[in-house]
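J.: Quick one: sequence plus predicted model below, questions after.
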Amino acid sequence: MPTLPIDDENAALYTIGQVADMLGVQLAFLRRLDEQRVIVPVRSAGGQRRYTRREIGQVAETLALIEEGVTLAGVRHVLTLRHRVAQLESDLAELRQERRVDSGRVARG
DNA sequence: GTTCTTACA
DNA sequence: TGTAAGAA
């Protein structure tokens, strides 16, 4: 079954206006996050920002962190570290899976 | 009608 | 951070 865009958390489908309405934030705020490299959405052919559901979630996360007093620069580090952790976790899961396969295989040749 | 950039309070 | 001007 093909992966539908509506099911893809990483599909860039939302305009800045839609995101601003959903989260109740200003258009300028989202542009600021882009400028500060906290949340950097892809651009459409016309140069307009397009947000993925994942990024929308990250914006919400950013809102929470800011309420805790974290600066935008701090939020940027949190998000990048979180991305690295997720990458390491998937790599680790893959290695563990390979180890299971190896240990379950009968030595031969 | 929306979004973009840049500038300013 | 919010608001405004002018262009796309």
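T.: That came through, no problem. Residues are numbered from 1 along each chain as shown, chains lettered A, B, ... in the order given.
J.: Could you give the number of residues near the closest residue to DNA strand C within chain A?
T.: For chain A, the residue closest to DNA strand C is A:Ala28, as judged by C-beta to the nearest atom of the strand, at 3.1 Å. (Each C-beta comes from the backbone N, C-alpha and C, glycine too.) Counted by other C-beta atoms under 10 Å, the residues lying close to A:Ala28 total 11.
J.: wait, does stretch A:63-78 make contact with DNA strand C?
T.: Yes: judged by C-beta under 7 Å from any atom of the strand, stretch A:63-78 and DNA strand C are in contact via A:Ile66, A:Leu72.
J.: re the thing from before, ok so the residue of chain A closest to DNA strand C is a strand residue?
T.: No: under DSSP: H, G, I helix; E, B strand; the rest coil, A:Ala28 falls outside any strand and is assigned helix.
J.: Can you check the pLDDT for it?
T.: According to the prediction, A:Ala28 has pLDDT 96.
J.: Which of the helices or strands spans A:Leu81?
T.: Per DSSP states H and E, A:Leu81 falls inside helix A:72-104.
J.: hmm, that helix touching DNA strand B?
T.: No: Helix A:72-104 does not reach DNA strand B (C-beta under 7 Å from any atom of the strand); its nearest approach is 14.8 Å.
J.: which ones are touching A:Thr15?
T.: Contact analysis of A:Thr15 by C-beta atoms under 8 Å, 6 or more residues apart in numbering lists A:Gln48, A:Arg49, A:Arg50, A:Tyr51.
J.: What count of nearby residues applies to the third one?
T.: Which is A:Arg50. Counted with other C-beta under 10 Å, A:Arg50 comes out at 17.
J.: repeat for A:Glu35
T.: By other C-beta under 10 Å, 11 other residues sit near A:Glu35.
J.: same thing with A:Val78?
T.: Counted with other C-beta under 10 Å, A:Val78 comes out at 15.
J.: list the contacts for the residue nearest to it when sequence neighbours are not counted?
T.: Excluding its sequence neighbours, the residue lying closest to A:Val78 (C-beta to C-beta, 6 or more residues apart in numbering) is A:Leu65, at 6.4 Å. With contact set as C-beta under 8 Å, 6+ apart, A:Leu65 has these partners: A:Gly74, A:Val75, A:Val78.
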